[in-house]
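The following comprises the amino acid sequence and a computationally predicted model.
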There are 2 protein chains.
Amino acid sequence: MTHFGSTVRTIRERLRQDDRRFSLRQVAGRIGIEPAYLSKIERGQVAPPSEATTVRLARELGEDPDVMLALAGKVSADLQEIIRKRPRLFADLIRQLKEAPDEAVLRVVREVRDGDW
Amino acid sequence: MTHFGSTVRTIRERLRQDDRRFSLRQVAGRIGIEPAYLSKIERGQVAPPSEATTVRLARELGEDPDVMLALAGKVSADLQEIIRKRPRLFADLIRQLKEAPDEAVLRVVREVRDGDW
DNA sequence: CAGAGTGTATACTATATATGACACATGACA
DNA sequence: TGTCATGTGTCATATATAGTATACACTCTG
């Protein structure tokens, strides 16, 4: 669907230029999957891996797990759980913010962070 | 996992008391699944159905689809898509609001709705 | 130029997901 | 009392998910 695989490949190859520990085999080894599988993932021959594997991969490559998951077409389970606990509330909020510019959302985030509730 | 099935059954039987169009068979028919399957769903013998089926069921029973989906352990695909488009932003926001009381979230929703962004 | 390391092709598998088909027993109702 | 509708038990199945295992060909390096 997306360019999840090619993004991973690009990032990994960039890292590899000054650290040969970032070969496909070694990365696969460190995140606990078969090299053949990572190869297929990077070439888009299979769907992006499970959430757990995607997160390990993101960490390994120094990327934001939420962004990587998004690229993989997923939303992290912990966020989903937060939403599921108060579905009406969060559904409204998120749909409300759908078209809001980044700044507006950020302002809300900041307000809540410093919030006096 | 949850009491998705029993909730459905309770709601359906309540509706059935003054409208016999809410028999298991008829409801199944209207939402386009087999009676045997709905029976299994209501008794928790199988996992909650797919998002599409859950939403049709919610509508049929006059319930909020987001709430029904939550009960089924899911988050609606359209919400997920909104999050996936700006993962960092929404991940931050949602985690930030995890512990916030309903009122605080509602206030945010209202602020955004009347928002001047 | 041998050997280690690199990526890839191919084949296989186990579990979960999301249903359908059909038969059956029970109870309501006309 | 016959028949119609109701809910349910059992079996089957297609597709997706999430990988593993093995073998192979190329390349770079000492």
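Noted; the coordinates are in hand.

how much space between the residue nearest the centre of chain A and residue A:29?
Note on chain A: the residue nearest the mean C-alpha position is residue A:68, at 2.2 Å, using C-alpha atoms, centre = their mean. As judged by C-beta to C-beta, to the nearest Å, residue A:68 and residue A:29 stand 19 Å apart. (C-beta placed from N, C-alpha, C; glycine too.)

number of nearby residues for the closest residue to residue A:29 other than its chain neighbours?
Computed as C-beta to C-beta, 6 or more residues apart in numbering or on different chains, the closest residue to residue A:29 that is not its neighbour in sequence is residue A:35, at 7.6 Å. Residue A:35: 14 surrounding residues under other C-beta atoms under 10 Å in any protein chain shown.

and if you look at residue A:95?
15.

Summarise which helices and strands the longest helix seen in chain A is packed against.
For chain A, the longest helix by residue count, based on DSSP state H, is helix A:4-17. Helix A:4-17 sits against helix A:35-42, helix A:65-71, with contacts defined as 3 or more C-beta pairs under 8 Å, 6 or more residues apart in numbering or on different chains; DSSP states H and E.

Reformat those into CSV and put mean pLDDT and distance to residue A:99 next to each item.
What follows is these, written out as CSV (pLDDT from 0 to 100; distance: least, C-beta to C-beta, whole Å):
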stretch, mean pLDDT, distance to residue A:99
helix A:35-42, 97, 33
helix A:65-71, 98, 18
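
Save those as TSV, and put in distance to residue B:55 too.
Output for these, formatted as TSV (distance: least, C-beta to C-beta, whole Å):
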stretch	distance to residue B:55
helix A:35-42	31
helix A:65-71	23
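
Of those, which is nearest DNA strand C?
Ranking the helices and strands packed on helix A:4-17 by proximity to DNA strand C (C-beta to the nearest atom of the strand) places helix A:35-42 first, at 3.3 Å.

The following helix or strand past the closest one: how far from the chain's middle?
As assigned by DSSP states H and E, the chain's next helix or strand after helix A:35-42 is helix A:51-60. For helix A:51-60, the distance from its own C-alpha centre to the chain's C-alpha centre is 8 Å (C-alpha atoms, centre = their mean, to the nearest Å).

buried sites along helix A:51-60?
Burial within helix A:51-60, assessed by neighbour count using 16 or more other C-beta atoms under 10 Å in any protein chain shown, is assigned to A:51, A:53-58, A:60.

likewise stretch A:38-52?
For stretch A:38-52, burial by neighbour count (16+ other C-beta under 10 Å) applies to A:38-39, A:41-42, A:44, A:48-49, A:51.

One more: stretch A:17-37?
Under 16+ other C-beta under 10 Å, the buried positions of stretch A:17-37 are A:22, A:24, A:26-28, A:31, A:33.

Give me the contacts around that stretch.
A:12-13, A:15-16, A:38-39, A:42, A:46, A:49, A:53, A:56-57, A:60-61 (C-beta atoms under 8 Å, 6 or more residues apart in numbering or on different chains).

What count of nearby residues applies to residue A:78?
13.

The worst-scoring helix or strand of chain A on mean pLDDT vs chain B: in contact?
Within chain A, no helix or strand scores below helix A:102-113, which has a mean of 88 by mean pLDDT, DSSP states H and E. Yes - interface with chain B: helix A:102-113 contributes A:102-106, A:108-109, A:111-113 (C-beta under 8 Å from any C-beta of the partner chain).
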